[in-house]
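A.B. asks: Let me see the structure of the following:
(chains A and B)
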There are 2 protein chains.
Amino acid sequence: MKKINRVAIVGGTHGNEFTGAYLAKKFDKFPEIVKRDSFETLTLLANPKALQAVKRYVDQDLNRCFASKDLQNPSLNGYEPNRAKEINQMLGPKGNPKFDFILDLHTTTANMGLSFIFVRNDPFNLKLAAYLSSIDPSLKVYSWIDPGKEQNFINSISEKGFAIEIGPIAPGTLKADIFQKTEKLTQAVLDYLDKYNQGQIPDEKMPLTVYQHCKYLDYPKTAAGELNGMIHPQLQGRDYEELQPGDPLFLTLDGNTIYYEQEKPLNPVFINEVAYYEKGIAMCLTKKEQIYV
Amino acid sequence: MKKINRVAIVGGTHGNEFTGAYLAKKFDKFPEIVKRDSFETLTLLANPKALQAVKRYVDQDLNRCFASKDLQNPSLNGYEPNRAKEINQMLGPKGNPKFDFILDLHTTTANMGLSFIFVRNDPFNLKLAAYLSSIDPSLKVYSWIDPGKEQNFINSISEKGFAIEIGPIAPGTLKADIFQKTEKLTQAVLDYLDKYNQGQIPDEKMPLTVYQHCKYLDYPKTAAGELNGMIHPQLQGRDYEELQPGDPLFLTLDGNTIYYEQEKPLNPVFINEVAYYEKGIAMCLTKKEQIYV
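C.D. replies: Okay, the predicted model is just below:
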């Protein structure tokens, strides 16, 4: 068994996601909250310039800047690409990182409750998730793996770790219940890592539900590419629930309903996430799988 | 009785409040929706540059640019001050406007449901609100009059009219239920104006609950002026409900509770509105009054 030696808790990767940013500030001020005996903990405010500007990013999305070729490209300009290189020096380098485990704190306007976002289906991560979701069954796991594409999230620096995603909450705001839930789940993750290091995690298979990424759906657009509709009222807020063929997806500005016309049911997540409008993503479709880990 | 001759429906005064902006686009595309026989209707997308940038404003808050001295100040720079002058030419001039009635469509991250925001307690506006809230009792009226200060909202151009404010919704997103409710209420306002012009509004006193503006409360701050807390979980989402002396107001990052220590109960609105963080407003405190109009 390889122990976890260094844990990084990252907040404010997106500058307008205040929950993670202010939790990072809190942990920085009160380091005893995130201190554990069996490993070293670092708290990192990832994008201070975007936080100050109350924007997701200044030049480009920091959490899409960690592809190896971009980290190694000296001519890549902009605040976030440079910041990614700094963070990669600090926590990485990607593939051979100084930090074994990275926990990245995010929020969403989608009704995703408390979720883990995996960038790889690492057995360690899966086992941790199975353990914590056995304690809190409302905890969800979205495995966001785009087949054939190198992962470019900050979590791709290390094999172990993931993002906590929580919503719904508007960017640029704090909400006490969401702040407290994220803090509590962060504590639970740290406690798990500490127990793991001390050999206290039982070595038995546990069930886990994983929502495996399949594909993206964009909003209805006009011929000129302008937004021409919204999530259908019957779908809004129903992240992780099963979408059946024939279910309503969108309501256009003209009042027409667009239906889900795939042959098989899938489970949408990130429904109506504000930051994905510009990425052309109205929701991510996933396949719900039950596994034993 | 003076008839209403011209009505302006304004959306996107704040560029990231998509509901109003996309309703304005919809009304522009399908003008028959907002057409009535007894008056002329104009649809105005107030801040197209901010909408394109998905920002509340480009240079400064357009809905604070309509003070007379600012409209008359030729040396005032910036996109919104200039746009305010254009709009004042189009709909106004303030005090002697071409448009008798201005309806300005807004959204908020606060849990305010459907609200009317008055910038003056004009008898016509009050009577309209009493009539519509007799049909839908969930409709609220916040009379946002800062004593001793000239009103600088777009609605201050004309005596009649007000803003529709609806929430909670994150800026930069559309939500079908909020879109539909705003459209329905806009229709109800237009129908009222049409009935009024045709002498079909009964001339009888009706009850109306008005939340009169009293003062602002800011978030807890550090000595350096940095945000150091959030709305208390027991208060979050409870807009318009009575706040009693001794009730919790804020939770600091350190986990301490700050209580409401005024002598008299007041009713908070705009609790945790995202755009007011930078204005130093955590909520607006109002006095609930029952009147007959």
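
A.B. asks: Now the residue of chain A most remote from its centre: phi and psi?
C.D. replies: Relative to the C-alpha centroid of chain A, counting by C-alpha atoms, centre = their mean, A:Asp254 is the outermost residue, at 33.9 Å. As for A:Asp254, its main-chain torsions (degrees, to the nearest 10) stand at phi -70, psi -10.

A.B. asks: Then A:Ala176?
C.D. replies: Its backbone dihedrals place A:Ala176 at phi -60, psi -40, with angles given as degrees, to the nearest 10.

A.B. asks: Leaving out chain neighbours, which residue sits closest to it?
C.D. replies: Counting by C-beta to C-beta, 6 or more residues apart in numbering or on different chains, the nearest residue to A:Ala176 once its immediate chain neighbours are dropped is B:Pro233, at 4.0 Å. Just so you know, the C-beta spots here come from the backbone N, C-alpha and C atoms, and that holds for glycine as well.

A.B. asks: Let's verify the nearest residue to A:Ile201 once chain neighbours are set aside: helix, strand, or coil?
C.D. replies: Beyond its immediate neighbours in the sequence, the residue positioned closest to A:Ile201 (C-beta to C-beta, 6+ apart) is A:Lys195, lying 5.5 Å away. Of the three states, A:Lys195 takes helix according to DSSP: H, G, I helix; E, B strand; the rest coil.

A.B. asks: so what pLDDT did A:Lys195 get?
C.D. replies: According to the prediction, A:Lys195 has pLDDT 98.

A.B. asks: and it, how far is that from A:Leu128?
C.D. replies: As judged by C-beta to C-beta, to the nearest Å, A:Lys195 and A:Leu128 stand 10 Å apart.

A.B. asks: So those two - more neighbours on which side?
C.D. replies: For A:Lys195 versus A:Leu128, the count of surrounding residues by other C-beta atoms under 10 Å in any protein chain shown is larger for A:Leu128: 25 against 15.

A.B. asks: Would it be right to say that the more buried one lies in a helix?
C.D. replies: Yes: secondary structure assignment (three-state DSSP) places A:Leu128 inside a helix.

A.B. asks: Please list all residues in contact with it.
C.D. replies: With contacts defined as C-beta atoms under 8 Å, 6 or more residues apart in numbering or on different chains, the neighbours of A:Leu128 are A:Val189, A:Tyr192, A:Leu193, A:Tyr196.

A.B. asks: any chance you could map the strands in chain A?
C.D. replies: Per DSSP state E, chain A has strands spanning A:6-11, A:40-45, A:101-107, A:113-118, A:140-143, A:160-167, A:207-217, A:229-231, A:248-252, A:257-259, A:267-269, A:283-292. These are given in chain order.

A.B. asks: wait, isn't the residue nearest to A:Ile201 in contact with A:Val189?
C.D. replies: No: A:Lys195 lies out of contact with A:Val189 (C-beta atoms under 8 Å); the separation is 10.8 Å.

A.B. asks: distance of the residue farthest from the centre of chain A from chain B?
C.D. replies: When distance is defined by C-beta to the nearest C-beta, to the nearest Å, A:Asp254 is 8 Å away from chain B.

A.B. asks: Equivalent analysis for A:Met283, please.
C.D. replies: A:Met283 sits 13 Å away from chain B, going by C-beta to the nearest C-beta.

A.B. asks: what bridges to that residue?
C.D. replies: A:Leu217 (DSSP bridges).

A.B. asks: how about the residue farthest from the centre of chain A, what does it touch?
C.D. replies: The neighbours of A:Asp254, taking C-beta under 8 Å, 6+ apart as the test, are A:Asn228, B:Lys26, B:Phe30.

A.B. asks: Show the buried residues in the residues you listed.
C.D. replies: Burial by neighbour count, judged by 16 or more other C-beta atoms under 10 Å in any protein chain shown, picks out A:Asn228, B:Lys26 from the contacts of A:Asp254.

A.B. asks: Let me know the closest of the contacts of A:Asp254 to B:Ala46.
C.D. replies: Each of those was checked against B:Ala46 using C-beta to C-beta; the closest is B:Lys26, at 15.3 Å.

A.B. asks: Skip the chain neighbours and tell me the closest residue to that closest one.
C.D. replies: If the residues on either side of it in the chain are set aside, B:Lys26 comes closest to A:Leu253, at 5.0 Å by C-beta to C-beta, 6+ apart.

A.B. asks: OK, contacts around the one you found?
C.D. replies: Under the criterion of C-beta under 8 Å, 6+ apart, the neighbours of A:Leu253 are A:Asn228, A:Gly229, B:Tyr22, B:Lys25, B:Lys26, B:Lys29.

A.B. asks: got it, and A:Lys221?
C.D. replies: Residues in contact with A:Lys221, defined by C-beta under 8 Å, 6+ apart, are A:Leu227, A:Asn228.

A.B. asks: ok, 10 Å please
C.D. replies: For A:Lys221, the contacting residues are A:Leu227, A:Asn228, A:Gly229, A:Thr252, A:Gly280, taking C-beta atoms under 10 Å, 6 or more residues apart in numbering or on different chains as the criterion.

A.B. asks: Only whichever of these are buried, select them in ChimeraX.
C.D. replies: If you want just the buried ones from the contacts of A:Lys221 in ChimeraX, going by 16+ other C-beta under 10 Å, the selection is:
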select /A:227,228,229,252
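
A.B. asks: Report the two of the contacts of A:Lys221 separated the most.
C.D. replies: Greatest spacing in the contacts of A:Lys221, by C-beta to C-beta: A:Thr252 and A:Gly280 (16.5 Å).

A.B. asks: okay but A:Ile169 is in contact with A:Phe18, surely?
C.D. replies: Yes: counting by C-beta atoms under 10 Å, A:Ile169 touches A:Phe18, with 8.4 Å between them.

A.B. asks: what does the model give A:Glu263 for pLDDT?
C.D. replies: As summarised for this prediction, A:Glu263 has a pLDDT of 87.

A.B. asks: Briefly note if stretch A:27-40 comes near chain B.
C.D. replies: Yes: contact between stretch A:27-40 and chain B is present through A:Lys29, A:Phe30 (criterion: C-beta under 10 Å from any C-beta of the partner chain).

A.B. asks: Now that stretch: buried residues?
C.D. replies: A:Phe27, A:Ile33, A:Val34, A:Arg36, A:Phe39.

A.B. asks: How about stretch A:162-182?
C.D. replies: Residues of stretch A:162-182 classed as buried by neighbour count (16+ other C-beta under 10 Å): A:162-176, A:178-182.

A.B. asks: which parts of the stretch 51-200 of chain A sit against chain B?
C.D. replies: Contact residues (C-beta under 10 Å from any C-beta) of the stretch 51-200 of chain A with chain B: A:54-56, A:108-110, A:167-180, A:183.

A.B. asks: and with 8 Å instead?
C.D. replies: Counting by C-beta under 8 Å from any C-beta of the partner chain, the residues of the stretch 51-200 of chain A close to chain B are A:54, A:109, A:168-177, A:179-180.

A.B. asks: ok, back up a step: of the contacts of A:Asp254, just say which sits nearest to A:Ala8.
C.D. replies: Minimum separation from A:Ala8 among the contacts of A:Asp254 (C-beta to C-beta) is found for A:Asn228, which lies at 41.9 Å.

A.B. asks: quick one: stretch A:19-36 to chain centroid distance?
C.D. replies: Relative to the chain's own centre, stretch A:19-36 is displaced by 19 Å; criterion: C-alpha atoms, centre = their mean, to the nearest Å.

A.B. asks: and what of stretch A:101-108?
C.D. replies: Taking the mean C-alpha point of stretch A:101-108 and that of its whole chain, the gap between them comes to 6 Å (C-alpha atoms, centre = their mean).

A.B. asks: pLDDT (mean, whole number) over it?
C.D. replies: pLDDT averaged over stretch A:101-108 gives 98.

A.B. asks: Tell me the confidence at the residue nearest to B:Lys26?
C.D. replies: 96.

A.B. asks: The nearest residue to A:Glu150 once chain neighbours are set aside: neighbour count?
C.D. replies: Once its chain neighbours are removed from consideration, A:Glu150 has its nearest residue in A:Ala67; the separation is 5.1 Å (C-beta to C-beta, 6+ apart). Other residues lying near A:Ala67 total 17 when counted by other C-beta under 10 Å.
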